[in-house]
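Visitor: coords please:
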Amino acid sequence: MKNIIEKSLENSYTYQEFRDLVSNLLTENKSTGHIQSEALTGFSMLNDRRMKRLDKTIKISDTTFTEMNSIDEPQTWLVIAEGWCGDAAQNVPIIHKIAETSNLIDFKIVLRDDNEELMDLFLTNGGKAIPKLIALDKDNNVIDTWGPRPTVATKMVADYKAEHGVIDAQFKQDLQVWYNKDKGQSLQEDFVQLVKNIQTKEV
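Guide: Okay, here's the model as predicted:
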């Protein structure tokens, strides 16, 4: 596992490099990933706008700021994502903003399709759901994971699947509306808890 993680870190992007990659590919009518289609390019275009908006508007709470500044050992937050993924567009910019509050957090992104071995190590209910965050200590040991959605949204998905059997276009639209109303608060609560969990393990 550690070899796969370290190999992926060598192929990782900073947040700005990821943002630039998505934008630059769009100038060629392309998305990230091994499969190309008009639909995926369309999703990437929409996500590029979402990420730009979140980069400008997201506010980090005092609680989140305080918790991140309680971190006393270097960590790497490695996120598996793709430019076409709606959940990644709604969450990765906020995770990046959270990471920026601490100089002990090194934030990295890798593409799912380029890192299949890594993705296979961190499946969600047997699926390659993204975004997936892998928190690593200074020696690149896994200390926690998160993803692909905030806890509140995960419950929304589970409840809808239980009632309707599948996640359809209407629910996907409703989920984006929820993200916009929530403004990253649920995600920040998840990450406050994640850091608390990590610190509890260290004690």
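Visitor: can you map out the helices along this protein?
Guide: 2-10, 15-26, 38-57, 62-68, 86-100, 116-121, 151-164, 169-182, 185-202 (DSSP state H).
Visitor: and among those helices, the most buried is which?
Guide: The highest mean neighbour count among the helices of the chain, using mean count of other Cβ atoms under 10 Å, belongs to helix 86-100: a mean of 23. (Each C-beta comes from the backbone N, C-alpha and C, glycine too.)
Visitor: which other helices and strands contact that helix?
Guide: When contacts are defined as 3 or more Cβ pairs under 8 Å, 6 or more residues apart in numbering; DSSP states H and E, helix 86-100 sits against helix 15-26, helix 38-57, helix 62-68, strand 75-81, strand 105-111, helix 169-182, helix 185-202.
Visitor: nearest to Lys108, of the helices of the chain?
Guide: helix 2-10 (6.3 Å; Cβ to Cβ).
Visitor: Serialize the helices of the chain to TSV and add fields for mean pLDDT and distance to Gln75.
Guide: Output for the helices of the chain, formatted as TSV (pLDDT from 0 to 100; distance: least, Cβ to Cβ, whole Å):
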stretch	mean pLDDT	distance to Gln75
helix 2-10	96	13
helix 15-26	98	15
helix 38-57	97	22
helix 62-68	97	10
helix 86-100	97	9
helix 116-121	98	17
helix 151-164	94	21
helix 169-182	93	25
helix 185-202	93	8
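Visitor: please identify which of the ones you listed is closest to Ile130.
Guide: Proximity to Ile130 (Cβ to Cβ) singles out helix 86-100 among the helices of the chain, at 5.7 Å.
Visitor: so which of the helices of the chain comes closest to Ile134?
Guide: That would be, of those and by Cβ to Cβ, helix 2-10, which comes in at 7.2 Å.
Visitor: Asp113: what's it in contact with?
Guide: Contact analysis of Asp113 by Cβ atoms under 8 Å, 6 or more residues apart in numbering lists Thr32, Gly33, His34, Ile35, Glu82.
Visitor: let's see 6 Å
Guide: The contact partners of Asp113, by Cβ atoms under 6 Å, 6 or more residues apart in numbering, come to Gly33, His34.
Visitor: for Phe107, find the nearest of the helices of the chain.
Guide: That would be helix 86-100 among these, by Cβ to Cβ, at 4.0 Å.
Visitor: chain center to that closest one: distance?
Guide: 6 Å (Cα atoms, centre = their mean, to the nearest Å).
Visitor: do the same with stretch 194-203
Guide: Per Cα atoms, centre = their mean, the centroid offset for stretch 194-203 relative to its chain is 20 Å.
Visitor: again with stretch 4-17
Guide: Stretch 4-17 has its average C-alpha position 14 Å from the chain's average C-alpha position, going by Cα atoms, centre = their mean.
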